[in-house]
Structures are given as C-alpha cells and as structure tokens.
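[1] Just to be clear, the model below is a prediction. Sequence and coordinates:
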Protein chains: 2
Amino acid sequence: MAGGGGDLVSNKQVIFRDYVTGFPRESDMQLTSGGTIKLKVPEGSNNTILVKNLYLSCDPYMRILMKKGDDLVTSYTPGSPVTGLGVGRVLDSRHPDFKEGDLVWGTTGWEEYSLITAPQGFFKIQNTDVPLSYYTGILGMPGLTAYAGFYEVCAPKEGEYVFISAASGAVGQLVGQFAKLLGCYVVGSAGSPEKVDLLKNKFGFDEAFNYKEEPDLNAALKRYFPDGIDIYFENVGGKMLDAVLLNMRVHGRIAACGMVSQYNLEKPEDVCNLMSIVYKRVSIKGFVVFDYYHLYSKFLEVVLPYIREGKITYVEDIVEGLENASAALVGLFSGQNVGKQVVVVARD
Amino acid sequence: MAGGGGDLVSNKQVIFRDYVTGFPRESDMQLTSGGTIKLKVPEGSNNTILVKNLYLSCDPYMRILMKKGDDLVTSYTPGSPVTGLGVGRVLDSRHPDFKEGDLVWGTTGWEEYSLITAPQGFFKIQNTDVPLSYYTGILGMPGLTAYAGFYEVCAPKEGEYVFISAASGAVGQLVGQFAKLLGCYVVGSAGSPEKVDLLKNKFGFDEAFNYKEEPDLNAALKRYFPDGIDIYFENVGGKMLDAVLLNMRVHGRIAACGMVSQYNLEKPEDVCNLMSIVYKRVSIKGFVVFDYYHLYSKFLEVVLPYIREGKITYVEDIVEGLENASAALVGLFSGQNVGKQVVVVARD
C-alpha cells in the first residue's frame, strides 16, 4: 500500500497564532491554505499513517493547551495547526495495525489531511451503524470520560442525589443519563433556557436550572437538593464548586472532571468552603480520562446498546467546514454550543 | 455496688460561658466550685456510670464546638461544663459493661467527677504498662486518627513523599513516625524552632520547617519537595493547603483531618489552586475518626508494641490541675503547647 506516488493536494489548516490570555477569540487562530500534501506516507516514515480528517471535536481541555505550557501541560505551538480529537479515514499506512480505508479516532490536526507519526493512541472504529461523528463525543473521549467519571470515580448507588454542572455538554448529558438509568435523582445546571429545556425534556433530568439566572447558587442548590447532594460531577469549578461544598451530604463524592469556568481567568476564583470536606467526610477526586482508556471496549459494550435501543439520547451541535472551526471552538467557552460541538471537515 | 450511700464531695468544674468568635480566651471559660456530688450513681439511673476524671485532653475539634451549632455540629451549652475526651476511673456503675475500678476513656466533662449516662462510647483500658495519659493521645482518639488517616485514607506506599502540617501535634507526630516506619520521606511544618527541633531530632522526620518563618510557603515546599508531594496529611487548611496543591504529584492524596488554622476565622481563607486537583488527578478526602472506631483493637495491636519497643516516641505537654485547663485549651489555638496537650485532674 505504502510507497511512492500519491496525489499532491492542497491541505487547508487552522493555525494556532499565539498563546492566549483571557477568553480566546477567533483571531487567535487563522485559516491558511496550508500548502500541499502528497497523499502517501513518505518513504522511510515507518509506523506512520496518513489520515483524511472527517470530524473534529471541540473540547474544553483545548483551552488549557492555548496557555503557555508548564511541566504538566504541553501547549500548542504558535504557527502550527491546532490539534484535537477527530475521526478520520486512513488513506495510507506504514503501521502494521492500520490499513487503507480504516476508520479511526484519536488526536489529529485541524487540517484536511494529517500525517500521524505515532498512531498507537488511535482507536479503530468497528461499529459504523451509528453516526461517525459520535466517535468525537458519546463514543469517544467525552463518552469514556462520563462513563469512567461516573461509574469508577463517583461509585454511585441507586437512589442517590446527583448534581451535574455544564450538564448539556458532551460529558454532562451522558453522566445525567447514566445516573437516571441507575435510578438516581438528577439535577443539572446549564447556561441558557434552551439548554435547561434540553436537560429536562430530552435527556430526562429530574430538574435543571440556568445558573446565569441564579444570583445565589447556594440557594438554588438548596431548592433542588433540600436533603443535600451525594454526587457532584464537577465540570466548571469556582463559584459553583464553592456553593456545592455547602450542600454536600455526609460521605458525598465529587468527581472533578474539569473546571471550565476557570480556564479563561488570569487568576482562578477563590473557594472558601473547603471545611465542609472535613465536617462531612467528602472526597474530591480529580481524574483524567487517559487513566481509563483500558476500559474503552467495556464502555462500548455498555453504551452502544443504549444508543441502539434509544435508552440514551445524544445531542450534537455540528458546524460545517474548517473555515468555521475556530468560531466553533471559541463559542464553546461562552457556551454558545448546544450539545457536543463538532466540526465537519469532510463526510467521507 | 450501686445503691444508696456514697460520700458527698465537692466537684470543681470548668464552665463554658458563651459562644466564641475569633480566638478563644481564658475568659470564655470559668472555673467554679460546682457544688457537691454524691459518689454513687443515683437510684433509677440505669446504664449510667460515675467516673473520677484523671486526665483531660485538649483537642483542636473543641474549637468547633465553641461556635454556635448548626445541623452538623452540636455545640457546647453555655453555662454547662466543657466536654472533651478524658481518662477516668469508674467509681460506681449501673451499666453491665463497667464495674467499680475500671479505667476508661471517652467523652467526659471538664470537672472532677462526671456522671456518664451513655457510657457505650467509652473504651475500657486494658493495658496499663504505659502511662494512663497516653489514652488521651497516642493510644486514644488522636492516635486512631493518625492510624486511620494515614493507613486507610492515604493508602501510603514505601518511598513516597509525605508532608504533614501541625506536625508536632498529637496526630501529626504519630503520622510522621508511621510514615518513617514505612520507609517514606517525611517533612513536617510547625510553628516554632523548638517544635522544628522536636520533629527532626526526636521524631525522626527527614526535614521540618517553621511555617511562620516562611514568607512564601510554595517556595518552602518546593525546597523540601523538589519532586513534589505524594501524600499530604492536612491539619491546618487555608494558605498551607493552597501552597500544597501547587506541589502535589500526579495521583497524590490529601487526607483532610482538620483545618485548625481556619477554626478561629470569621470567614475562612480562600483557596485558589484547586485546578491542580484535575491536572494532577489528586484526591482530597475528608475523614473523621469516628468512622474508624471499629479499627481500635487492631490499632492498639500495632501501636502498643511500637511504644514498648521504643520504635515510636511520644511527647506530651502536661499541665496540672483543672484551674489551668482553660489556659491550656486556649494555648492550643496559638500553638503554645509542645506535643499533645493534656490536663491532669488527678493521678489516681
């Protein structure tokens, strides 16, 4: 399959311009024609695959990579394409595990075609009776995040009281539905009436509220959880976390998946109610999905039937074309997306 | 044994005067002659024991009971004696599990003699080859706190990097020695040169520092933990916790035993580095020793031999007489005690 030849085609790219402080703007990225690329893995590039990118994923963690890095985070390189999770089709392969025509998902570039020099982290897509874009969300990293975060980190029990912030997002909507399937009481917060409506009427949450309309988050939580919260699935941090701490039940558990409200701040918001952790024997556990990738097959076995049987609903917010990718990503941080934000580069 | 008769004796008491805000003062308590008490359990008071108090314990949690209570905390009653853990001798019993002469420890009153109407929570002292006062500390609640907090909550491994705040206190000194016995690298913080000296030269910590002499706690921690902290045994909260969060290693664990630096504040100090929890997959787990009382026998089996063989050292700060009890308790919150603060009411 690999070798000389291969068409020479143009390769549009979304370039990361420079490190970002505050809220990211479209102008922090730039669409370029990107020159040309030969649709073959170059001679001598063993273990490399060439992927045609189909669907790109906009995820909150990408904001973290826009900051100048430190010892924990390898940030984006100014002048190089944005990278992120995506679904693609293998056009050429010099890696024994992949062949032309394979559908895959993994970390790719925001461009039409990507040479992947370390495809070991890519998953092959075996089930194509569901939309391919799902592998950027419910069947990809966010889905596994919801699954591992809820079942492994939160150790939930039937009947428990569950609160989810950023609940209509890719992860939150799924955590809420897992919790309902287990028989929990589930409340979500989101940032618009439309999202609140989704939570209650599409995802089947027991209650939902718009945090932007709540001047007193503590009072809002007391209204929805008069007996307190057993499990908090934390996606936002800051003021919401502080209010939640006041409302946790004894032996409550907080799974800290992300703190998206904090990513754009120069200085993070203060939290002052940590004493509750001691008084109520609460645990807070930060986790990242990469520690749970070994559960991916098991996760698919659980979630694929739920999707096929209609037991789980999934909402995507799909924009068309690389030229709209940077706006879609920026919109994520002001909550403009409704459901999982996906960018279509090509449909096949 | 029980019945009529019994000498009528005076019963000095330390009375809690009123709810406290800010740092407690001696004048928040008052020594009174307390009237007289008959040294017999009254007729009809079944399941009650009469205890002569020998040693009283000064513990940080007592500050919490000085505040006006809420749904989580039942505070002291103004006009009634302070209560706390203590060691006593049973003078009379109408409870089947206790008999005259038994040595016991449990929650008693700050007075010479106490009628205990629910002695189920009392432990009988079986091993008297060690000082009785030890049952207010290393062999009592603080000892079990250190044991459960370190072994059960922190899940420590040989070679890990352990940091302990308030390290010369009743709990901290023991946690540090457990960690050394396991083969960990152990650093403690305390509030005076004398305590730092104790940590290094008596308890065998690898390093120790005086937090009052460190203008930048983050820099201090980086000095002692260039590779970061695996386990933080949290006794103080606030600024120290915030600095520790910046220095945790991936998969680090924080056992939140107490936050004594916060107990006297009207408004708790802010913590702003909680993002580290997500980035480094850190867990924070609040715990209270009462959830681990079932481990008490097992704990004694571990710790008594350590004491007898001299593998663990224990330092007490003993004051004589109920008349000095309130000063001793108040001193705990400004760190005047060196080692476990004990009050002797009587020696037998």
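    Structure's in. What do you need?
[2] Which residue is the nearest non-sequential neighbour of the residue of the stretch 51-200 of chain A found nearest chain B?
    Per C-beta to the nearest C-beta, A:L72 is where the stretch 51-200 of chain A lies closest to chain B, at 5.2 Å. From N, CA and C alone the C-beta is placed, and that goes for glycine too. Leaving aside its chain neighbours, A:L72 sits nearest to B:Y279 (5.2 Å; criterion: C-beta to C-beta, 6 or more residues apart in numbering or on different chains).
[3] doesn't A:D71 make contact with that neighbour?
    No - with contacts counted by C-beta atoms under 8 Å, B:Y279 stays clear of A:D71, the gap being 10.3 Å.
[4] More neighbours: those two, which one.
    Neighbours per residue (other C-beta atoms under 10 Å in any protein chain shown) separate B:Y279 from A:D71, with B:Y279 holding more: 18 against 6.
[5] roughly how far apart are that one and A:M259?
    Distance, B:Y279 to A:M259, by C-beta to C-beta, to the nearest Å: 10 Å.
[6] So which helix or strand of chain A has the lowest pLDDT on average?
    helix A:275-279 (a mean of 89; mean pLDDT, DSSP states H and E).
[7] just checking, what packs against that one?
    strand B:283-286 (3 or more C-beta pairs under 8 Å, 6 or more residues apart in numbering or on different chains; DSSP states H and E).
[8] tally of neighbours for A:A219?
    A:A219: 10 neighbours (other C-beta under 10 Å).
[9] before we move on, what about A:M141?
    Applying other C-beta under 10 Å, we find 25 residues neighbouring A:M141.
[10] Likewise for A:K124?
    So A:K124, with other C-beta under 10 Å, has 14 neighbours.
[11] Kindly point out the strands partnered with the helix or strand hosting A:V51 and how each is oriented relative to it.
    If you go by DSSP states H and E, A:V51 is part of strand A:49-57. Using DSSP bridges, strand A:49-57 pairs in its sheet with strand A:83-93 (antiparallel), strand A:113-116 (antiparallel), strand A:340-344 (antiparallel).
[12] right, and the ones you listed - which one's nearest B:T128?
    strand A:83-93 (65.4 Å; C-beta to C-beta).
[13] what's the span of stretch A:218-233 from first residue to last?
    By C-alpha to C-alpha, to the nearest Å, the extent of stretch A:218-233 from end to end equals 16 Å.
[14] Could you give the average pLDDT over that stretch?
    Throughout stretch A:218-233, pLDDT has a mean value of 98.
[15] hey, what's the closest residue to A:S192 other than its chain neighbours bridged with?
    Leaving aside its sequence neighbours, A:S192 sits nearest to A:N210 (C-beta to C-beta, 6+ apart; 6.4 Å). Beta-bridge partners for A:N210, by DSSP bridges, are A:A190.
[16] how close does A:N210 get to A:L199?
    Computed with C-beta to C-beta, the distance linking A:N210 and A:L199 is 10 Å.
[17] for A:K99, same thing?
    Counting by C-beta to C-beta, the gap from A:K99 to A:L199 is 42 Å.
[18] Between these two, which is the more surrounded one?
    Neighbour count, other C-beta under 10 Å: between A:K99 and A:L199, A:L199 has more, with 26 against 13.
[19] SS state for the closest residue to that one other than its chain neighbours?
    Distance criterion C-beta to C-beta, 6+ apart; nearest residue to A:L199, sequence neighbours excluded, is A:A208 at 3.6 Å. State at A:A208, reduced to three classes by DSSP: H, G, I helix; E, B strand; the rest coil: strand.
[20] The one 4 residues further on too?
    When classified by three-state DSSP, A:K212 comes out as helix.
[21] just checking, it touches A:A190?
    No - using C-beta under 8 Å, A:K212 is not in contact with A:A190, being 9.1 Å away.
[22] higher neighbour count, these two?
    Set A:K212 next to A:A190 and count neighbours by other C-beta under 10 Å: A:A190 wins out with 27 against 12.
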